[in-house]
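In: Model the following, please.
(one chain, ligands or ions: 1)
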Amino acid sequence: MAVTSIWPEASAVDERGEVTFHGHTAQSLVREFGSPLYVVDTDEIRTRARRFVRAAAEAFAHTTTHVSFAAKSFISKEVLRLVTGEGMFVDTCTMGEMRIALGAGVPGRRLVLHGNNKSDAEIELAVREGFAKIVVDSPDEPARIAAIAHRLGKRAKVMLRVTVGIHAGGHEYISTAHEDQKFGVGLLSAGVDPSVIDVIDRLIDHHGGHGGQSDGEADGRPDGDVGSAPRYRMRYPYDLDRSAVDEDQHRLIAAMTAVSQGPALGVLRAILALKPDLELVGIHSHIGSQIHDAGAFIEAAKRMMLLRRTCYDATAYMLPEVDLGGGFSVAYTDDEDAMDVGRELARLAAVVTDANTALGMPEPNISFEPGRWIVAPAGVTLYTVGTVKHVALPAGTLDRAGRPLAQRVYVSVDGGMSDNIRPALYDAEYTARLANRAGSETSMTARVVGMHCESGDILVHECPLPADLRRGDVLAIPVTGAYGRTMASNYNQALIPAVVGVGEAGAM
Ligand SMILES: Cc1ncc(COP(=O)(O)O)c(C=O)c1O
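Out: Predicted coordinates:
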């Protein structure tokens, strides 16, 4: 049984109180591979990749899904082989990530290229290798990609990243028409009131929700069954006047008009105009990270479906795929929630079906790009404890929960912000545990800090640790599999720790 639910499933605490991974003690791993050490449970990654791919396929059983692993969260050839072995594609953002993925044997047709500032060399490699999608991030990119594809005598598959005006994750999501950020192309022009596009719920209500049943009011639709023969209320074009077009249709037209005048549709048109060199495979949105439920994805999906309908009306081109990005949350501490992907993807799928029924559109292929959800809980970082310092605090100091705190115990370890920048960068929360012995029953409130020359070099803001913690102990911080190693630096000329993969097959 796992140490707690946030630790890898094959972690445990043995009879001596030592933390083990697939039977390897934390102490033995540190002895063999050095400290600090990134421990990555490869079986856990495989299981989580399989669970996500399956959850998406089951939720969207009536359409095609594919899931790309966001390699920015963790990258190594072995991990890419594991996730692609479970049917995942790989999302890359730089030449380095592309080269590692290709070097791992992932074929171009399973690769995605993102980036708000792609170099010509990156685009050329993606076109040469026949990437599944090159995600266009700005209006000048289609022409650049087309020129490169033309020169190479290839046709590049492209998708457009759209900023839909929904932000989610660390903060409450807010809606703005025109976003002040570097990624993607806006759905609406600056200054347009975003409420004009919020029509999908009304349309879904009109259509009777999941299953898309008509209430029989629309022209030419069944008006209820009489025996086995449905009755139709027929109208002819010359019967139609403005009053015959209902309120919802007026709103839909207003919404589509706003979208059709927005930057995103302009770029989609530009891509279509470059048809000999570019194949438009879909639209993409990524709304944030650490998202706990489907709510914000649902809002984004509704806007994306509206864009797809507008694109169809404006250009007669049916966008085959809608990629809803990554951002699925994990629990970093025992009292946080993780996203239940099975349940939330099912909620999302129901709305995608309803929205497309209400819009009179066939469902697109749906894709996702999780990173953190796949790898974060598979990683644990091991450190060796150095200085343990008790610091008396000024009267009135409160702990993170708002309780008075007289002293703080600073536990310094041999790594820090160079191997995990997230607490310093985002104030991210982690917890820690003594990993080489049981420790005393009595505990102290500790702050785990690194060895770098920054007072913000904090790994765990506050957590209970045994009061007898001492120099030489091994400390383990769980849920460090995502954005630790890939964001690591050599600050203070520290070396980036080794990564050891543990699994049923052993440690490597
Ligand atoms: C475009 C895109 N897709 C996917 C991801 C992965 O996000 P996460 O690791 O939160 O799932 C990111 C992360 O920043 C991203 O920018």
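
In: any idea which helix is longest in this protein?
Out: Using DSSP state H to define each element, the chain has its longest helix at helix 295-315.

In: So which bits of that helix are buried?
Out: Using 16 or more other CB atoms under 10 Å as the burial criterion, the residues of helix 295-315 that qualify are 296-312, 315. Quick note: C-beta positions are derived from backbone N, CA and C, even for glycine.

In: To what extent is the residue of the stretch 201-350 of the chain found nearest the ligand buried, counted in neighbours?
Out: In the stretch 201-350 of the chain, the residue that lies nearest the ligand is Gly326 (2.8 Å; CB to the nearest ligand atom). When neighbours are counted by other CB atoms under 10 Å, Gly326 registers 24.

In: same thing with the one 10 residues further on?
Out: Close neighbours of Glu336, defined as other CB under 10 Å, add up to 15.

In: near the ligand, which residues of this protein show up?
Out: Along the chain, the residues adjacent to the ligand under the rule CB under 6 Å from any ligand atom are 70, 73, 91, 114, 286, 289, 325-328, 369-373, 482.

In: one more time with 5 Å, if that's ok
Out: Residues of the chain lying near the ligand by CB under 5 Å from any ligand atom: Ala70, Ser73, His286, Ser289, Gly325, Gly326, Gly327, Glu369, Pro370, Gly371, Arg372.

In: Wait, the last one touches Ala331, no?
Out: No. Look at Arg372 against Ala331 with CB atoms under 8 Å: they stay out of range, at 11.1 Å.

In: which of these two has more neighbours?
Out: Taking other CB under 10 Å, Arg372 and Ala331 do not tie; Arg372 has more neighbours (24 against 19).

In: contacting residues around Cys311?
Out: Leu265, Leu268, Ile283, Tyr317, Leu319 (CB atoms under 8 Å, 6 or more residues apart in numbering).

In: Mind picking out the helix or strand in the protein with the poorest mean pLDDT?
Out: strand 222-226 (a mean of 46; mean pLDDT, DSSP states H and E).

In: among the residues of the chain next to the ligand, which one has the lowest pLDDT?
Out: Within those, pLDDT reaches its minimum at Ser289, with 91.

In: contacting residues around it?
Out: Contacts here follow CB under 8 Å, 6+ apart; on that basis Ser289 touches Gly169, Gly170, Gly326, Gly327, Ser329, Arg372.

In: any chance of these in a markdown table, with secondary structure and distance to Ala56 too?
Out: Listed next are the contacts of Ser289 as a markdown table, based on DSSP: H, G, I helix; E, B strand; the rest coil; distance: CB to CB, whole Å:
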| residue | secondary structure | distance to Ala56 |
| --- | --- | --- |
| Gly169 | coil | 20 |
| Gly170 | coil | 24 |
| Gly326 | coil | 12 |
| Gly327 | coil | 14 |
| Ser329 | coil | 16 |
| Arg372 | helix | 16 |
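
In: Pick out the most distant pair among those residues.
Out: Gly170 and Gly326 (14.3 Å; CB to CB).

In: Can you give me the domain boundaries for this structure?
Out: Domain segmentation of the chain under automatic domain parsing yields 11-41+376-507, 114-213+263-370.

In: Tell me where the stretch 101-250 of the chain has strands.
Out: 111-113, 133-136, 156-163, 185-186, 222-226, 229-232 (DSSP state E, counting those that start in this stretch).

In: Could you pick out the buried ones from the contacts of Cys311?
Out: Applying 16+ other CB under 10 Å to the contacts of Cys311 flags Leu265, Leu268, Ile283, Leu319 as buried.

In: which SSE is the second one in?
Out: In other words, Leu268. helix 263-273 (DSSP states H and E).

In: So for the strand ranked longest in the chain, what gets flagged as buried?
Out: Identified as the longest strand of the chain according to DSSP state E is strand 379-392. Using 16+ other CB under 10 Å as the test for burial, strand 379-392 gives Gly379, Val380, Thr381, Leu382, Tyr383, Thr384, Val385, Val388.

In: Can you work out which other helices and strands pack against that strand?
Out: helix 26-33, strand 37-41, strand 407-413, strand 474-478 (3 or more CB pairs under 8 Å, 6 or more residues apart in numbering; DSSP states H and E).

In: Give me the packing partners of the last one, helices and strands only.
Out: So that's strand 474-478. Using 3+ CB pairs under 8 Å, 6+ apart: strand 474-478 touches helix 26-33, strand 379-392, strand 433-434, strand 458-466.

In: Just the buried positions in the helix or strand that comes right after that strand, please.
Out: Using DSSP H and E, the helix or strand that directly follows strand 474-478 along the chain is strand 498-503. By neighbour count with 16+ other CB under 10 Å, strand 498-503 contains the buried residues Val499, Val500, Gly501, Val502, Gly503.

In: Reformat the residues you listed as a markdown table; add pLDDT.
Out: Below are those laid out as a markdown table (pLDDT from 0 to 100):
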| residue | pLDDT |
| --- | --- |
| Val499 | 98 |
| Val500 | 97 |
| Gly501 | 97 |
| Val502 | 96 |
| Gly503 | 93 |
